[in-house]
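In: Next comes the sequence, and after it the predicted model I'd like to discuss.
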Amino acid sequence: MSIPESELSDEQSRQVADLIREEIARRRVSRQTLAEQAKISLSTLEKALGGRRPFTLATIVRLEQALGVPLRKVPSAPVAAPIASGIAPDGLGSYSRRAVEWIEGTYVTLRPSFGDKEAIYAYRTDIAWDEAASSLVFREGARLDAAFTQFGEVAVPNQSGFIYLVTNRHGQHRLITVSRPTITGEMYGIITTLLAGRGSLLTPIAAPIALLPVRSVPEPNLGRIAPADPNYALYREHLRKTVEEPFALFAPGVS
């Protein structure tokens with residue numbers, strides 16, 4: 001059966017639904033609120049997000065206007081497919097896979113909890129070579145706030161001696177800048193991201209961060225790590241090392 005021109009295909013609808021759910025989680029708005037802003041019924045939105053009916057172009061246009069972001073892929077001029085040469089693009093540092101294979105692996109990622117000043121937030125980061133992109137890529141996992149899980153490209157320029165984990169989603173960036181791995185494999189540095197506050201409020205925030213090879217933590221605990229947790233002292237020492245060594249500096253604010 002052919003699909004009416006006014007409706008998206010099943011695959012396109014799934015892609016749009018994923019983007020809408022991501023925007024709802026990021027903005028912390030309800031589906032009811034979004035439906036009202038887009039001037040569509042909640043039933044229409046629920047059925048489309050649940051895959052029980054395809055999105056129509058009219059519905060997509062209203063949702064795009066309400067969210068202020070594009071939900072459909074815009075056709076672009078054909079470009080040559082990247083050659084999987086084993087060399088990363090110049091924008092990522094022109095490194096070869098052989099030169100960075102020692103960075104590949106799974107890391108326990110640590111930063112201060114943004115909601116509890118005594119706690120440490122721990123999750124998993126996987127770094128691996130992507131043949132199609134011809135570069136290192138990273139993907140986070142086991143985050144308590146799964147809706148904010150990040151993934152992106154890894155830049156390893158020769159000039160600065162640092163490694164950059166870059167997220168670029170629809171023009172919104174998050175950046176992790178860390179040192180090259182120590183002799184035991186740890187990487188220390190700074191994360192700059194957005195802190196989600198009440199409602200749709202977002203505030204820029206920076207904090208120390210440490211990436212520990214999972215092999216160096218005998219029984220890694222992930223999630224929000226409280227002082228009573230067996231790994232708390234170890235995790236806290238690594239975050240303290242980030243600032244005290246110092247692998248990163250935080251300039252004093254204006255008094």
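Out: Great, that's in hand. Numbers count the residues shown, from 1 in each chain.

In: for residue 102, what are its contacts?
Out: Neighbouring residues of residue 102 by Cβ atoms under 8 Å, 6 or more residues apart in numbering: residue 181. Placement of C-beta: from N, CA and C, glycine included.

In: Please settle this for me: is it part of a helix?
Out: Yes. According to DSSP: H, G, I helix; E, B strand; the rest coil, residue 102 belongs to a helix.

In: Let me know the secondary structure of residue 249.
Out: Residue 249 is classified as coil under three-state DSSP.

In: Oh, that last question was meant for residue 238, not what I typed.
Out: State at residue 238, reduced to three classes by three-state DSSP: helix.

In: Tell me the pLDDT of it.
Out: On pLDDT, residue 238 comes in at 97.

In: That one reaches residue 212, doesn't it?
Out: Yes. Look at residue 238 against residue 212 with Cβ atoms under 8 Å: they come within range, at 6.3 Å.

In: can you list residues touching both of these two?
Out: 110, 186.

In: which stretches of the stretch 1-150 of the chain form helices?
Out: 10-27, 31-38, 42-49, 57-67, 97-100 (DSSP state H, counting those that start in this stretch).

In: quick one: buried residues of the first one?
Out: The one in question is helix 10-27. 12-13, 15-17, 19-20, 22-24, 26-27 (16 or more other Cβ atoms under 10 Å).

In: so what are the domain limits for the protein?
Out: Per the record, the chain has its domains at 10-67, 90-244, by automatic domain parsing.

In: what about residue 212, how many neighbours?
Out: Residues within reach of residue 212, counting by other Cβ atoms under 10 Å, total 22.

In: now the one 5 residues further on
Out: Summarising burial for residue 217: neighbours were counted as other Cβ under 10 Å, giving 17.

In: Quick one: residues contacting the residue lying closest to it once chain neighbours are set aside.
Out: Closest residue in space to residue 217, ignoring its immediate chain neighbours: residue 108 at 5.2 Å, by Cβ to Cβ, 6 or more residues apart in numbering. Contacts for residue 108 (Cβ under 8 Å, 6+ apart) come out as 122-124, 211-214, 217, 220, 222.

In: rerun at 7 Å
Out: Going by Cβ atoms under 7 Å, 6 or more residues apart in numbering, residue 108 touches 122, 124, 212, 214, 217, 220.

In: As JSON lines, these with pLDDT and distance to residue 182 would be great.
Out: As requested, the contacts of residue 108 are exported to JSON lines (pLDDT from 0 to 100; distance: Cβ to Cβ, whole Å):
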{"residue": "122", "pLDDT": "96", "distance to residue 182": "19"}
{"residue": "124", "pLDDT": "94", "distance to residue 182": "20"}
{"residue": "212", "pLDDT": "97", "distance to residue 182": "10"}
{"residue": "214", "pLDDT": "93", "distance to residue 182": "15"}
{"residue": "217", "pLDDT": "92", "distance to residue 182": "15"}
{"residue": "220", "pLDDT": "91", "distance to residue 182": "18"}
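
In: Residue 202 and residue 193 touch, don't they?
Out: No. The criterion here is Cβ atoms under 7 Å, and residue 202 misses it with residue 193 at 9.5 Å.

In: Between those two, which has more neighbouring residues?
Out: Here residue 202 and residue 193 are set side by side on neighbour count (other Cβ under 10 Å), and the busier one is residue 193, at 22 against 15.

In: Just confirm that one is within a helix.
Out: No. Under the criterion used here (three-state DSSP), residue 193 is strand, not part of a helix.

In: show me what contacts the closest residue in space to it that isn't next to it in sequence?
Out: In this structure, residue 193 finds its nearest non-sequential neighbour in residue 174, 4.5 Å apart by Cβ to Cβ, 6+ apart. Residue 174 is in contact with 150, 167, 193, counting by Cβ under 7 Å, 6+ apart.
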